[in-house]
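Chemist: okay, sequence plus prediction incoming.
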Amino acid sequence: MRLIAQSTLVAFAERNPQASASLLHWRRLVKDAQWSTIAEVQGAFSKARALNGERVRFEIAGGDFRLICAFDFRRSIAFVKFVGTHADYDKVNALTVNLF
């Protein structure tokens, strides 16, 4: 999949080194994936939670951080919508947040 806002993840990992390895792993899996459904995304990430028909919430670094990504399966694109601490995640509307 083509990953949109990848530089945002790199910058976040630089500011939060404890999330770096998990974000790198996540980026590699997403870029190599050829998913066509949310179920396939959840199959690759056991703790991923579908928020609606296009958005998925991922736990990063054991749940200390959260990432929301919207998928356009037809065009094979993953759009990063949010990455932050668990506390930051609690302050946003996961269905509408679009920080990047």
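Modeler: Ah, there it is. Numbering: from 1, shown residues only.
Chemist: please enumerate the strands of the chain.
Modeler: Assigned by DSSP state E, the chain shows strands spanning 2-4, 49-50, 55-60, 65-72, 77-85.
Chemist: would CSV of these with mean pLDDT and mean neighbour count be doable?
Modeler: Placement of C-beta: from N, CA and C, glycine included. Shown next, in CSV, are these (pLDDT from 0 to 100; neighbours: other Cβ atoms under 10 Å):
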stretch, mean pLDDT, mean neighbour count
strand 2-4, 96, 15
strand 49-50, 97, 14
strand 55-60, 97, 21
strand 65-72, 97, 21
strand 77-85, 97, 20
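Chemist: between those, which one is closest to residue 22.
Modeler: strand 55-60 (4.6 Å; Cβ to Cβ).
Chemist: ok, residues contacting that closest one?
Modeler: For strand 55-60, the external contacting residues (Cβ atoms under 8 Å, 6 or more residues apart in numbering) are 19, 22-23, 26, 38, 41-42, 45, 47-51, 65-71, 81, 83, 89, 94-95.
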